[in-house]
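[1] Pasting the sequence and the predicted coordinates here, then a few questions.
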Amino acid sequence: MRYDNRHSKFVALGRIVLPLAALALLSTLFLFSDKVDPTQARLYSEVDVDALANEPRVNKPEYSGMTRDGSELTVRAEVARPDLGGGNGTTADHLIAKLEAPSGTVTDLSALTGRIDPVSDRMELRDKVAMQTSQGYRMNSDYVEMATDQSWLTSPGPVQGEAPFGTLEAGSMEMVRDDKGDHDLVFNGGVKLIYQPQE
C-alpha cells in the first residue's frame with residue numbers, strides 16, 4: 001500500500017495504534033480494580049416491602065392553606081398514615097403546625113403524635129404538645145385540639161408554661177380570634193400565675 005503524504009501515513013498508523021492503546025487501558029482497569037464479592041453486593045435498597053404493603057404511609061407530608069378568617073395554616077409531619085380504624089382522618093408522627101394571623105401574630109405548635117380529620121376540619125395534637133406564640137407565651141400540654149378552617153384551638157386539660165409576665169398554670173386553655181383579627185389566649189380552671197416583674 002502506498003501513501004502519498006504524511007497525513008495518510010498518520011491516519012493509517014492511528015488505525016492500528018489507537019485500538020491497541022484502548023485495549024491496553026481496558027485491561028489495566030480490570031487488572032487493578034477491586035474484586036467484587038457478589039454475596040456482599042446490595043441489589044436492593046434497605047426497604048421493608050412487607051411493612052410498606054401492610055402499613056401505607058407518606059414521608060414528610062406538608063399541608064398549607066388559609067382559614068376562613070384569613071390566617072395562614074401550615075402543617076408538617078415526619079410520617080403520615082391513613083386511619084386504619086375506618087375513619088376519614090390521617091394519623092401522623094412529629095407534627096409541626098404554624099398559624100399566622102393577618103395581623104402578623106404567629107403561633108407555633110409541635111407534638112409527637114397527632115391526627116388530622118379533613119371532614120370535620122379538626123386536628124388533634126398529642127404527647128408533649130408545645131406551643132409558642134410571638135406574643136411571648138410558651139405553653140405545654142398533653143393534648144390540643146385545633147381547627148383547620150378557622151383560628152381556634154383548645155387544650156381541655158392542664159397547661160403550664162411561661163407568659164410574658166411570669167409562669168402560668170391553668171386547668172384549660174383556649175385561643176380565639178378577637179375583633180382586630182389577632183389571636184387571644186384565654187385561661188380557665190384554677191389559673192395560677194407567678195408574676196415576675198420585668199427588669
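    Noted; the coordinates are in hand.
[2] Tell me the first helix or strand C-terminal of the helix or strand bottoming out on mean pLDDT in the chain.
    Lowest mean confidence among the helices and strands of the chain (mean pLDDT, DSSP states H and E): helix 49-54, at a mean of 57. With elements assigned by DSSP states H and E, the helix or strand that comes after helix 49-54 is strand 58-59.
[3] After that following strand, heading C-terminal, what element do we hit next?
    Toward the C-terminal end, the helix or strand that comes next after strand 58-59 (DSSP H and E) is strand 62-66.
[4] Show me what that next one is packed against.
    Secondary-structure packing of strand 62-66 (3 or more Cβ pairs under 8 Å, 6 or more residues apart in numbering; DSSP states H and E): strand 72-76. No exception for glycine: its C-beta is placed from N, CA and C like everyone else's.
[5] Tell me which residues are up against the strand it packs on.
    The contact list for strand 72-76, computed with Cβ atoms under 8 Å, 6 or more residues apart in numbering, reads 60-67, 95-100, 116, 123, 148.
[6] Could you rerun that using 6 Å?
    For strand 72-76, the surrounding residues in contact (Cβ atoms under 6 Å, 6 or more residues apart in numbering) are 62-67, 96-100.
[7] now stretch 190-199
    165-171.
[8] Can I get the buried part of those residues as one ChimeraX selection?
    Selection of buried members from those for ChimeraX, criterion 16 or more other Cβ atoms under 10 Å:
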select :168,169,170
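[9] And the contacts of stretch 190-199, which is closest to S155?
    For those, the residue nearest S155 by Cβ to Cβ is A170; the value is 8.7 Å.
[10] Would you quantify the distance from the nearest residue to that closest one once chain neighbours are set aside to Y137?
    Using Cβ to Cβ, 6 or more residues apart in numbering and skipping the chain neighbours, the partner closest in space to A170 is F187 (3.9 Å). Using Cβ to Cβ, to the nearest Å, we find F187 at a distance of 10 Å from Y137.
[11] For the protein, which segments are assigned as strands?
    Taking DSSP state E, the strands of the chain run over residues 58-59, 62-66, 72-76, 79-82, 90-100, 106-117, 122-133, 138-147, 153-155, 159-163, 166-170, 172-177, 183-188, 192-195.
[12] Check which strands are paired with the second one and give the direction for each one.
    What it means is strand 62-66. Neighbouring strands of strand 62-66 in its sheet, by DSSP bridges, are strand 72-76 (antiparallel).
[13] can you check the shortest one too?
    Strand 58-59 has these partner strands in its sheet, going by DSSP bridges: strand 79-82 (antiparallel).
[14] Flag every buried residue along the strand it pairs with.
    A80.
[15] again, but for stretch 63-83
    63, 67, 71, 73, 75-77, 80.
[16] Now pLDDT and distance to V129 too, for those, in a markdown table please.
    Conversion of the buried residues of stretch 63-83 to a markdown table gives the following (pLDDT from 0 to 100; distance: Cβ to Cβ, whole Å):
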| residue | pLDDT | distance to V129 |
| --- | --- | --- |
| Y63 | 85 | 18 |
| T67 | 88 | 20 |
| S71 | 88 | 19 |
| L73 | 91 | 16 |
| V75 | 92 | 14 |
| R76 | 92 | 15 |
| A77 | 91 | 14 |
| A80 | 87 | 18 |
